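1. starting from these lines, generate the structure:
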Amino acid sequence: MSRFFSIIFILSLLACQGKKTTNSTTENQEKTTATKEITDLSFKEEMHNFGSLQAGEIVVYSFVFTNTGKQNLIIEDVISDCGCVHARYSEKPVLPGKTGLIEVEFDSAGLFGRQYKTIEIRANTKKPKQLAIFAEIDNEQLEIKY
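-> Below is the predicted model of the structure:
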């Protein structure tokens, strides 16, 4: 009986090993092409301090970057470590030597004390780029006394 289940198990594994379709081959070719088109970007500033804020304030800052590579820069995604930070960017490619903006909006509602938030830029670069924002939030409703 255990031999029967072993044969069934092996056959099910072999059934999952079918040939790949042409779509996945096309995707692999596109990934290979995309990796050849690696570029680089540099920021004027990689950190910004909003200073002292009252809880509930919404502030905005634009990080300016330059495509310092030889290929068009394509930003794939901008990810924050907090729901209180929203980033906007142009989905259009940035030509070599040209500049672009990543606009970061920080909502201080419900926060207090020193805040440090990061933003990760994923693009056709060798590795993701990290940005950071800081603020000191005064929140009378959540103030903790030592």
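
2. tell me which residues touch residue 74, please.
-> 93-94, 123-124 (Cβ atoms under 8 Å, 6 or more residues apart in numbering). The C-beta positions use only the backbone N, C-alpha and C, and glycine is treated the same way.

3. export those as JSON lines, with columns for pLDDT.
-> JSON lines is the format used below for these (pLDDT from 0 to 100):
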{"residue": "93", "pLDDT": "94"}
{"residue": "94", "pLDDT": "95"}
{"residue": "123", "pLDDT": "95"}
{"residue": "124", "pLDDT": "95"}
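
4. shouldn't residue 98 be in contact with residue 67?
-> Yes. Between residue 98 and residue 67 there is a contact at 5.8 Å, judged by Cβ atoms under 8 Å.

5. looking at these two, which is more packed in?
-> residue 67 (23 against 12; other Cβ atoms under 10 Å).

6. which secondary element of the protein has the worst mean pLDDT?
-> Ranked by mean pLDDT, DSSP states H and E, the weakest helix or strand in the chain is helix 22-36, scoring a mean of 44.

7. and the host helix or strand of residue 50, what other elements does it pack with?
-> Assigned by DSSP states H and E, residue 50 belongs to strand 47-54. Applying 3 or more Cβ pairs under 8 Å, 6 or more residues apart in numbering; DSSP states H and E, we find strand 47-54 packed against strand 58-67, strand 129-138.

8. one more pass at 10 Å, please.
-> strand 58-67, strand 99-107, strand 113-123, strand 129-138 (3 or more Cβ pairs under 10 Å, 6 or more residues apart in numbering; DSSP states H and E).

9. buried set for the third one?
-> Think strand 113-123. Buried residues in strand 113-123, counting neighbours by 16 or more other Cβ atoms under 10 Å, are found at 115, 117, 119, 121, 123.
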